[in-house]
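Visitor: Okay, predicted coordinates and the sequence, questions at the end:
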Amino acid sequence: MIEELAQIATDGAHSMPAASAVPPEKRFFVVSGRSDVRWIIPQDPSMGWPLLRQWQPYSFSGLVKWRALMVAYRAGLLGSVPGVSSIGLADEFSIVGAEKYCLNAVPLTYVGTRSRHRKLVIALINRSSRRSQAMVKKSLAGEPNRIVHEANMLSWMETQMSGAAPRLLYVDAKNGVSVQTSALGRPSGRALRPDHYAFLSRLIKKDVRIELRGLLDNFNADIAAETSVNRQHLDFLSFVADTATRGNVPASIVHGDFAPWNMLRQSDGRLIMVDWERGMKNGLPVLDLLHFHAVQAFVFHKTTLFTQAVANDLWTLCSNLHIPSDMVKPLLSLALVQEWLSARADGDYPQAEYILHILRHELGKFS
């Protein structure tokens, strides 16, 4: 069935059977966004609602639309909503080599946005408990590297910080499929709280140092590879990296997308981070905190990144790590260059432009 779900996500699954042609437990709603399929969910609300209630869009309009969809879903009216169709899936969900994780399960599928790293995220809902018993990720972009990289990070994280990330159960590196434990909880919110700082502190490797000069060759090679970017921009980024690479700082485990939508607060109050596809074993210690603020400033159209509150957060982290004050701005420069490179690698060109704007026009005002 995983290939059927991929077919629905990519071409609308015109060859799939009609919902009326299969038993009720194999009927699904296909919920489309502006141009693509976004969700494939069981028509039985008792299967989908316990997990879907945890989903929380962060924009006001998105939240209103989502809540309206969920009201219709629970009332049995979702099939009448524009942009929602019905489909049948004839087979039981199963993954060759990982069948035991799929037993007695109904798939609830989120379809990622179109990008070079597009993927399916499939929650396997246990028919008896109505709870997610495992999560499946499947690459849709024909390039499984991100799925495999995350699988390797999850295995390694289990040895370093058990409980901070889902546990890897299975990986098929060739086909870009992984199975991991379900991380259940609600998004932790957009504001940084003490437990966020505590989580970041646990990621710091105080006995491992990064020589900043050692990063320069990699940065310059990655910058030079961006042949479609204006030469002046590339020269500016190389200059920023060159002038910032001096001294050393503590290394950190880096999540890579440390954002509210990837932080779940579990029933016992503990935080768990999901989506480690950009994770690094040894990275810059300010990268996750900077990303937390920068990605929200971009997504929510903030006019400035370095507000006094954001500056205070970054100064506090650097002070706690005993990073000399004259190294803080150069360290942020390097982190922003790395953010730019990551956005370009993801094909997220508007965000890369935003990061470049910060480097050119805002970083000088940081104090």
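Guide: Nice, thanks for sending it over.
Visitor: Tell me which residue is most central in this structure.
Guide: The centroid of the chain falls nearest to residue 275 when counting by CA atoms, centre = their mean (4.5 Å).
Visitor: distance of the closest residue in space to that one that isn't next to it in sequence from residue 304?
Guide: Using CB to CB, 6 or more residues apart in numbering and skipping residues adjacent in sequence, the residue nearest residue 275 is residue 262, 4.8 Å away. No exception for glycine: its C-beta is placed from N, CA and C like everyone else's. Separation of residue 262 from residue 304 (CB to CB, to the nearest Å): 24 Å.
Visitor: between these two, who's got more neighbours?
Guide: A count of neighbours by other CB atoms under 10 Å puts residue 262 above the other of residue 262 and residue 304, at 18 against 11.
Visitor: Just list the residues touching that one, thanks.
Guide: By CB atoms under 8 Å, 6 or more residues apart in numbering, the contact set of residue 262 is 255, 273-275.
Visitor: Phi, psi for it please.
Guide: The phi/psi pair for residue 262 (degrees, to the nearest 10) reads phi -110, psi 0.
Visitor: swap in the one 10 residues further on?
Guide: Backbone torsions for residue 272, taken as degrees, to the nearest 10, come to phi -130, psi 140.
Visitor: Quick check: pLDDT value at it.
Guide: Per-residue confidence (pLDDT) for residue 272: 94.
Visitor: what pairs with it across the strands?
Guide: Per DSSP bridges, the residues bridged to residue 272 are residue 264.
Visitor: Quick check: it touching residue 166?
Guide: Yes. Contact status for residue 272 versus residue 166: in contact at 7.2 Å, counting by CB atoms under 8 Å.
Visitor: Residue 133 and residue 363: what is the separation?
Guide: Counting by CB to CB, the separation of residue 133 from residue 363 is 46 Å.
Visitor: Excluding sequence neighbours, find me the nearest residue to residue 136.
Guide: residue 122 (4.1 Å).
Visitor: does the one you found sit in a helix or strand, and which one?
Guide: Using DSSP states H and E, residue 122 falls within strand 119-126.
Visitor: List of residues touching the helix or strand just after that strand?
Guide: Next in sequence after strand 119-126, counting helices and strands by DSSP H and E, comes strand 132-139. With contact meaning CB under 8 Å, 6+ apart, strand 132-139 is reached by 2, 5-6, 51, 95, 101-102, 105, 107-108, 117-126, 146-147, 150, 166, 169, 175-184.
Visitor: Give me the buried subset of those.
Guide: Among the contacts of strand 132-139, those that count as buried by neighbour count (16 or more other CB atoms under 10 Å) are 2, 5-6, 51, 95, 101-102, 105, 107-108, 117-120, 122-126, 146-147, 150, 166, 169, 175-184.
Visitor: Residue 98 and residue 169, how far apart?
Guide: Taken as CB to CB, the span from residue 98 to residue 169 is 7 Å.
Visitor: Tell me the residues that contact both of these two, please.
Guide: residue 179.
Visitor: I'd guessed residue 108 sits against residue 45; true?
Guide: No. Contact criterion CB under 8 Å: residue 108 and residue 45 do not qualify, at 11.3 Å.
Visitor: ok, for residue 349, nearest residue in space, not its chain neighbours?
Guide: What sits nearest to residue 349 in space, not counting adjacent residues and going by CB to CB, 6+ apart, is residue 343, at 7.4 Å.
Visitor: same for the helix or strand containing the one you found, what does it pack against?
Guide: Of the helices and strands defined by DSSP H and E, residue 343 is found in helix 325-345. Applying 3 or more CB pairs under 8 Å, 6 or more residues apart in numbering; DSSP states H and E, one finds that helix 325-345 contacts helix 216-224, helix 231-244, helix 287-299, helix 308-320, helix 349-357.
Visitor: so which of those helices comes closest to residue 159?
Guide: Comparing the helices and strands packed on helix 325-345 by their distance to residue 159 (CB to CB), the top pick is helix 287-299, with 19.9 Å.
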